[in-house]
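Peer 1: After the sequence you'll find the predicted model.
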Amino acid sequence: MLANEKLFEAFKMAAAVLLALVLTFVVLLFVSDEPLRAFSLMLFSPLTKFRYFGNVIELMIPLSFAGLATALLFRTRLFNLGTEGIFYFCGVVTAAIATQTFANSTLHPIITITISGLVGGLIALIPGFFRAKFKTDELVTSLMMNSILYGLGLYIIKYYLQASDVSGVASNLFQLTAKLPIIIPGTRIHAGFAVLIVAVILLYFMLFHTRLGYSIRMTGLNKDFAKYSGMNAFWLFLTVHFISGFLGGIGSSIELLGMYNRFQWSALPGLGFTGALMAMLGKNHPVGVVAAAFAISYLRTGSDIMARSTDVPVEIVAIVEAVIVLFVSSQYFLRKYHERALIKQGGADHA
């Protein structure tokens with residue numbers, strides 16, 4: 001089993017999660033008066049009520065979009081963290097459109113989400129262009145863009161969209177015609193979940209069943225091979241950045257229209273940076289990203305319920321996430337067992 005790369009990665013992920021949970025329980029023994037109850041709540045409370053499980057799905061949606069946007073870049077070996085700024089600024093774009101009066105409740109959210117996605121795609125072209133044309137470090141460019149987009153978005157909110165009935169950073173209320181409908185009664189799971197499923201299917205098909213997807217995967221595996229095979233790296237980088245920005249833009253808009261009544265992000269929401277975690281845990285695979293987003297959302301929901309019911313702070317989930325990331329990202333964690341299995345299989349094949 002360990003000789004198979006995919007099975008090994010699955011085993012490695014399961015082992016990392018198990019070790020993280022064991023370490024978390026050890027920590028709970030020191031910080032809580034009721035560690036068993038706290039640990040049980042963290043692991044099983046999201047399954048105790050339909051509403052709680054709905055919270056998991058609600059949180060999973062923006063994490064998945066952020067992860068998909070980042071995973072596409074990572075697949076092309078582009079270490080770009082600009083999804084964070086795109087999420088914030090496209091949220092401002094969403095607020096500008098969603099607060100306007102619109103007669104049609106079907107077209108209003110569609111137009112808002114589409115424009116937000118297009119703006120996100122165009123913004124992402126900036127670091128993509130500099131990377132493709134001048135070989136500028138996309139990590140530096142994207143991080144600088146995050147600060148610029150945050151400042152610009154905050155300026156637009158304060159001077160053009162600021163609500164008069166609320167103190168602090170907030171837009172006027174979104175029009176009811178712009179809100180995404182709830183698709184599962186008893187929860188706040190909205191139509192954005194259906195959009196996410198469609199996005200995952202389309203991205204999977206694009207990556208593994210189209211010429212563009214083949215180019216992306218080959219560039220990620222070997223840039224020189226892609227170059228000498230006649231692939232146009234310039235247009236490939238621009239296309240990948242645009243699709244990534246588009247995913248980030250629609251993810252931001254869907255989160256606001258589904259879960260908020262107005263724009264009220266006074267700081268960067270953190271979703272873009274978390275998207276890098278989803279991409280890494282999901283091995284830059286669309287389905288893997290959604291699975292990772294579900295797992296992290298489940299842990300965060302369980303930790304939130306635990307924090308409300310026990311003496312343990314919600315930040316305990318950070319231990320689980322940090323340990324999982326540490327082991328999954330490590331090139332040496334369980335690697336020797338994988339190598340031994342490969343050697344044993346090679347010996348058996350030549351026997």
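Peer 2: On my side now, so go ahead.

Peer 1: Would you enumerate the residues in contact with Ile184?
Peer 2: Neighbour list for Ile184: Gly54 [criterion: Cβ atoms under 8 Å, 6 or more residues apart in numbering]. (Each C-beta comes from the backbone N, C-alpha and C, glycine too.)

Peer 1: quick check, it in a helix?
Peer 2: No - using DSSP: H, G, I helix; E, B strand; the rest coil, the secondary structure at Ile184 is coil, not a helix.

Peer 1: mind checking pLDDT for it?
Peer 2: The confidence metric pLDDT takes the value 93 at Ile184.

Peer 1: Against Gly85, how distant is it?
Peer 2: The gap separating Ile184 from Gly85 is 32 Å, by Cβ to Cβ, to the nearest Å.

Peer 1: now swap in Ile115 and tell me
Peer 2: Relative to Gly85, Ile115 is positioned 17 Å away (Cβ to Cβ).

Peer 1: Of those two, give the one with the bigger neighbour count.
Peer 2: More crowded of Ile115 and Gly85, by other Cβ atoms under 10 Å: Gly85, with 27 against 18.

Peer 1: quick one: the more buried one and Leu149 touch, right?
Peer 2: Yes - the criterion here is Cβ atoms under 8 Å, and Gly85 meets it with Leu149 at 3.5 Å.

Peer 1: Could you tell me which residues touch both of those two?
Peer 2: Ile123.

Peer 1: Ser266 - that's part of a helix, no?
Peer 2: No - the assignment for Ser266, made by three-state DSSP, is coil rather than a helix.

Peer 1: Name the nearest residue to it, ignoring sequence neighbours.
Peer 2: In this structure, Ser266 finds its nearest non-sequential neighbour in Val169, 4.1 Å apart by Cβ to Cβ, 6 or more residues apart in numbering.

Peer 1: so how far is Thr48 from that neighbour?
Peer 2: Taken as Cβ to Cβ, the span from Val169 to Thr48 is 36 Å.

Peer 1: Can you give me the pLDDT of Leu334?
Peer 2: Predicted confidence (pLDDT) for Leu334: 57.

Peer 1: same question, Tyr160
Peer 2: At Tyr160, pLDDT is 94.

Peer 1: Based on its surroundings, how many neighbours for the closest residue to it other than its chain neighbours?
Peer 2: Spatial nearest neighbour of Tyr160, excluding adjacent residues (Cβ to Cβ, 6+ apart): Ala96 at 7.8 Å. By other Cβ under 10 Å, the residues close to Ala96 number 18.

Peer 1: before we move on, which element is Ala96 in?
Peer 2: Using DSSP states H and E, Ala96 sits in helix 83-98.

Peer 1: buried ones in the helix or strand that that helix is followed by?
Peer 2: Once the chain leaves helix 83-98, the next helix or strand it forms, by DSSP H and E, is helix 107-134. By neighbour count with 16 or more other Cβ atoms under 10 Å, helix 107-134 contains the buried residues 108-109, 112-121, 123-132.

Peer 1: Under the pLDDT cut-off, which ranges of the stretch 251-351 of the chain? List them.
Peer 2: By pLDDT under 70, the weakly predicted segments of the stretch 251-351 of the chain are 329-351.

Peer 1: those helices in it, which residues are they?
Peer 2: Ranges of helices within the stretch 251-351 of the chain are 271-281, 286-309, 317-329, 335-350, based on DSSP state H, counting those that start in this stretch.
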